[in-house]
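**Q** no letters, just coordinates:
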């Protein structure tokens with residue numbers, strides 16, 4: 001018996017959500033500080049819906065997790081993202097090099 005290719009994306013998403021919720025128990029979601037963002041020196045681009053699909057590294061306390069996210073905002077150095085796990089929605093700023101465009105989900 002094989003696995004269903006049709007259900008594989010669902011199982012991947014469920015596994016990722018469980019990993020995010022497990023990491024969230026290790027500490028709060030970390031986001032870049034106002035000083036790191038330097039919003040007074042850098043312009044901010046706010047993206048209207050639909051957002052662009054990205055993969056990003058985020059930290060919950062000491063735990064690093066790679067998540068499927070949506071691009072919401074950006075500066076020349078940082079990216080504001082949004083991602084879900086179960087019923088929870090998480091938002092944070094991460095460095096731009098921690099994010100890659102997810103060509104598969106576009």
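**A** Yep, it's here. Only a predicted model underlies this, so the values are computations on that prediction, with no experimental measurement involved.

**Q** the longest helix along the chain: what's the following helix or strand?
**A** Secondary structure of the chain per DSSP state H: the longest helix is helix 8-24. Per DSSP states H and E, helix 8-24 leads on to helix 34-37 as the next helix or strand towards the C-terminus.

**Q** go through that next one and flag the buried ones.
**A** By neighbour count on 16 or more other CB atoms under 10 Å, the buried set for helix 34-37 is residue 37. All C-beta spots, glycine's among them, are computed from the backbone N, C-alpha and C.

**Q** one step back: tell me the gap between the longest helix of the chain and the middle of its chain.
**A** For helix 8-24, the separation from the chain centroid amounts to 13 Å (computed by CA atoms, centre = their mean, to the nearest Å).

**Q** which helices and strands does it pack with?
**A** With contacts defined as 3 or more CB pairs under 8 Å, 6 or more residues apart in numbering; DSSP states H and E, the packing partners of helix 8-24 are strand 52-60, strand 63-74, strand 78-85, strand 88-95.

**Q** need the winner for burial among those strands.
**A** Neighbour counts (mean count of other CB atoms under 10 Å) averaged over each of the helices and strands packed on helix 8-24 peak at strand 78-85, with a mean of 21.

**Q** neighbouring contacts of that one?
**A** 16-17, 20-21, 24, 32, 36-37, 51, 54, 56, 58, 67-74, 89-96, 98-99 (CB atoms under 8 Å, 6 or more residues apart in numbering).

**Q** any idea how far it is from the chain center?
**A** Relative to its chain's centre, strand 78-85 lies at 4 Å (CA atoms, centre = their mean).

**Q** without its sequence neighbours, what residue ends up closest to residue 91?
**A** residue 82 (4.9 Å; CB to CB, 6 or more residues apart in numbering).

**Q** now swap in residue 25 and tell me
**A** Per CB to CB, 6+ apart, closest to residue 25 is residue 60, 7.8 Å.

**Q** surely that neighbour and residue 31 touch.
**A** No - using CB atoms under 8 Å, residue 60 is not in contact with residue 31, being 11.1 Å away.
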